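In: heads up, no residue letters with this:
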Ligand code: SF4
């Protein structure tokens, strides 16, 4: 594509709009903010409750656990899902809560998303294991969505290929809705965005066969969220 | 259009004879529409949302050249390639060239109406490429060699027995018709395709100009697989499908999923900003964005400009009494329902598509529900005027089409009309107006027995009809 072709394409648009070509337009400050009333006055605990309820409605179990109770939460998930092998993010937040040690002690085969490994090999592993575990950046109360900031050791296939996906998230990062998530992303834009940001809300689903709801047709059919309670709740 | 009759009335007749379609369309409509209305109620201020979404889309169109330029610069900054395609052929050629450069043998696709619009699969297959549709509904209709019948639910016209038959053929063994069995089979079969495909092709629900990102909305996750596993990702977008910043993205996405299915958000919203970064070991190594005009710029600056605000949510289909009766295939084009009736004649001309603006009772339900406030039924009236002015439609035709629109939006009447006869002997046939029409219209005389429509007495309606005839003649 030459610059000239592009310019012709854009000039045609300007021409059809009956004005000279424009550059560098910025959107106006939209005065209407229709989302404000949805969460006005809700405290953090209410947002968390709403987050949990929304996920439950989508067949997704949320386990609230203090950092000390993490093992218990994992045990419950492993039992419920019968997972025997795991691939997980190479992320210091997961290290800090001792995921690696727990998996080793529990005798569950596990593979961290190590970017120094062979790509094909790792992909093959991710396609073969029962469960993927990642650490979510933000949680959206209104929808029960988790936001994943992929990149490097935070591989996007971890939340995609295995039939079971577990998102770990700090309850301090539960925000009202998409609006705050967008503001967060915009705040990071100057550092450069990762190639892929995922917003995930419950298990993969389809209604394409006679509108009969079915889970896991492509992505994980089972999703769990571990909500980490913080000793110091910064919001209260 | 494989296996579809060429004329509009032929397609309608076929649709009306299709038992599954006559069951499935109203069922799907009711389900999706109920979801939409519940989601709107939950918001409590849907009109404010629609106003804002409409303003955002209008502003973007008014400044389209500027935002597209910004988008292109940012995609390149992210390490991607941008191709501007004026025509469908240009877009196809870009894809073919990339496929050739990469020595690609197989392509996996996630649902993209734009790729239907440019008939991409046909062209790829002609070059010997293997093309796999990965959205479950699209996969089903690809195996059946058909086209989508609904924007959101492309395979609603297929029964589970038909799906089981199609899948069994691929499997080489008999599969039961249980949903779980069929989905599991599709998962395994398509997963294999994903892992082997050289190129992934997706549409683009929205592009974000300020960061050079493209956004894909899906429930199944096939869009994620399409854009993560193959080494090359090509996204094709209609040139109007962008927003200035992430702030506007918030509003249009909130409206899209609620209007489409009633979901507050889809299971997956994936935002991709260029190919994999240094240090990533998954995601595509190469990213191409194809920006398609294909007749869109011709609509800018005309009375129809607002149609480009469309975010393809399908809500207008789900409230349309005519769509309910005839289903998506009867519209003949890639886009069906009220949006198709407005868009297809604009893209492809009146010559072949003159009936479409009449496939509406002008009840206005589509306009009321559209999340970006496109005045759909006004645009249909605009088309009708233009058709007459440009000499594409005579008053007889106009009248016949109107009767058709009326009858198709009143199914019980329609059925009665068909039953009571006058088949092919109607006045319209004598006038030689339409070849297929009378059989379906079942004699225009039966409209005299019409009960009162909800909003208008029959007398008023009839009077309008007559005046309309006088005026246009
Ligand atoms: S015209 Fe409006 S209601 Fe119809 S698909 Fe487009 S955005 Fe949705």
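Out: Great, that's in hand. Everything numeric in this text was worked out from a predicted model, so none of it was measured.

In: which regions of the stretch 201-350 of chain B sit below the pLDDT cut-off?
Out: Regions of the stretch 201-350 of chain B meeting the criterion pLDDT under 70 are absent.

In: and the strands in it?
Out: B:206-208, B:213-218, B:232-238, B:242-243, B:268-272, B:286-292 (DSSP state E, counting those that start in this stretch).

In: do you know the pLDDT at the residue in chain A that the ligand sits nearest to?
Out: With Cβ to the nearest ligand atom, the shortest gap between chain A and the ligand falls at residue A:34, namely 17.1 Å. Where C-beta positions appear, they are placed from N, C-alpha and C, glycine not excepted. Note for residue A:34: predicted pLDDT of 96.

In: can you list phi and psi of it for me?
Out: phi -70, psi -10 (degrees, to the nearest 10).

In: give the helix, strand or coil label for the nearest residue to it once chain neighbours are set aside.
Out: Counting by Cβ to Cβ, 6 or more residues apart in numbering or on different chains, residue A:34 lies nearest to residue B:48, which is 4.1 Å off, once chain neighbours are set aside. Of the three states, residue B:48 takes helix under DSSP: H, G, I helix; E, B strand; the rest coil.

In: does residue B:48 touch residue A:35 like I think?
Out: No. Residue B:48 lies out of contact with residue A:35 (Cβ atoms under 8 Å); the separation is 9.4 Å.

In: higher neighbour count, those two?
Out: Using other Cβ atoms under 10 Å in any protein chain shown as the criterion, residue B:48 and residue A:35 rank with residue A:35 on top: 22 against 15.

In: number of nearby residues for the residue of chain A found nearest chain B?
Out: Ranked by Cβ to the nearest Cβ, the top residue of chain A for proximity to chain B is residue A:219, at 2.7 Å. Using other Cβ under 10 Å, residue A:219 has 28 neighbouring residues.

In: doesn't residue A:201 make contact with it?
Out: No. Counting by Cβ under 8 Å, residue A:219 does not reach residue A:201; the two are 11.1 Å apart.

In: now the common contact residues for those two.
Out: B:267, B:268 (Cβ atoms under 8 Å, 6 or more residues apart in numbering or on different chains).

In: what about the closest residue to residue A:21 other than its chain neighbours, distance to residue B:241?
Out: Excluding the flanking residues, the one nearest residue A:21 by Cβ to Cβ, 6+ apart is residue A:14, at 4.1 Å. Residue A:14 sits at a distance of 19 Å from residue B:241 (criterion: Cβ to Cβ, to the nearest Å).

In: what about those two, which has more around it?
Out: Between residue A:14 and residue B:241, residue B:241 has the larger neighbour count (other Cβ under 10 Å), namely 24 against 19.

In: who touches the more buried one in this structure?
Out: B:204, B:205, B:206, B:207, B:311.

In: isn't residue B:337 right up against residue B:148?
Out: No. At 11.6 Å, residue B:337 and residue B:148 do not qualify as touching, with contact defined as Cβ under 8 Å.

In: average model confidence for the helix or strand where residue B:140 lies?
Out: Using DSSP states H and E, the element containing residue B:140 is helix B:136-143. Averaged over helix B:136-143, pLDDT sits at 93.

In: okay, the angle between the helix or strand following it and helix B:136-143?
Out: Sequence order places helix B:160-171 as the next helix or strand after helix B:136-143, per DSSP H and E. If you take axes from the mean of the first three to the mean of the last three Cα atoms, to 10 degrees, helix B:160-171 sits at 70 degrees to helix B:136-143.

In: what comes into contact with helix B:160-171?
Out: For helix B:160-171, using Cβ under 8 Å, 6+ apart, the contacting residues are A:209-210, A:212, B:20, B:140, B:143-144, B:155, B:174-179, B:182, B:185-186, B:189.

In: around the ligand, pick out the residues from chain B.
Out: B:259, B:310-316, B:339, B:369-372, B:374, B:376 (Cβ under 6 Å from any ligand atom).

In: ok, so of those, who is nearest residue A:143?
Out: residue B:259 (15.4 Å; Cβ to Cβ).

In: residue contacts, that closest one?
Out: Per Cβ under 8 Å, 6+ apart, neighbours of residue B:259: B:36, B:39, B:311, B:313, B:314, B:315, B:369, B:370, B:371.

In: among these, name the ones in helices.
Out: The helices, defined by DSSP state H, take in B:36, B:39, B:315, B:369 from the contacts of residue B:259.

In: next up, phi/psi of the closest residue to the ligand within the stretch 51-200 of chain B, please.
Out: Nearest residue of the stretch 51-200 of chain B to the ligand (Cβ to the nearest ligand atom) works out as residue B:151 at 6.3 Å. Note on residue B:151: backbone dihedrals following degrees, to the nearest 10 are phi -60, psi -40.

In: burial measure for the closest residue to it other than its chain neighbours, as a count.
Out: Counting by Cβ to Cβ, 6+ apart, residue B:151 lies nearest to residue B:314, which is 3.7 Å off, once chain neighbours are set aside. When neighbours are counted by other Cβ under 10 Å, residue B:314 registers 25.

In: how about residue B:314, phi and psi?
Out: Dihedral angles (degrees, to the nearest 10) for residue B:314: phi 80, psi 0.

In: surely it touches residue B:154?
Out: No. Here residue B:314 lies out of contact with residue B:154, judged by Cβ under 8 Å, at a distance of 10.4 Å.

In: how about the most far-flung residue of chain B relative to its centre, nearest residue that isn't a chain neighbour?
Out: Residue farthest from the centre of chain B, counting by Cα atoms, centre = their mean, is residue B:279 at 39.0 Å. Excluding the flanking residues, the one nearest residue B:279 by Cβ to Cβ, 6+ apart is residue A:152, at 4.5 Å.

In: which ones are touching the one you found?
Out: A:90, A:115, B:277, B:279, B:280.

In: ok, residue A:100 next?
Out: By Cβ under 8 Å, 6+ apart, the neighbours of residue A:100 are A:94, A:110, A:112.

In: kindly report the same for residue B:133.
Out: B:109, B:111, B:121, B:139, B:141, B:142.

In: ok so, going back, wait, a helix at the residue of chain A closest to chain B?
Out: No. Residue A:219: not assigned to a helix; according to three-state DSSP it is coil.

In: just the pLDDT for it.
Out: 96.

In: run a quick neighbour tally on the closest residue to it other than its chain neighbours.
Out: Excluding the flanking residues, the one nearest residue A:219 by Cβ to Cβ, 6+ apart is residue B:221, at 2.7 Å. Using other Cβ under 10 Å, residue B:221 is surrounded by 29 other residues.

In: can you show me the strands along chain A?
Out: Ranges of strands in chain A, per DSSP state E, are A:61-66, A:85-88, A:109-112, A:131-135, A:138-140, A:145-149, A:164-170, A:174-175, A:196-200, A:205-206, A:214-215, A:222-229.

In: got these as TSV, with mean neighbour count columns?
Out: Output for the strands of chain A, formatted as TSV (neighbours: other Cβ atoms under 10 Å in any protein chain shown):
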stretch	mean neighbour count
strand A:61-66	17
strand A:85-88	23
strand A:109-112	18
strand A:131-135	26
strand A:138-140	24
strand A:145-149	25
strand A:164-170	24
strand A:174-175	23
strand A:196-200	25
strand A:205-206	26
strand A:214-215	22
strand A:222-229	23
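
In: include distance to chain B and mean pLDDT when you put the ones you listed into CSV, please.
Out: Shown next, in CSV, are the strands of chain A (distance: least, Cβ to the nearest Cβ, whole Å; pLDDT from 0 to 100):
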stretch, distance to chain B, mean pLDDT
strand A:61-66, 16, 95
strand A:85-88, 11, 98
strand A:109-112, 12, 97
strand A:131-135, 12, 98
strand A:138-140, 8, 98
strand A:145-149, 6, 98
strand A:164-170, 10, 98
strand A:174-175, 12, 98
strand A:196-200, 4, 98
strand A:205-206, 5, 94
strand A:214-215, 5, 94
strand A:222-229, 9, 97
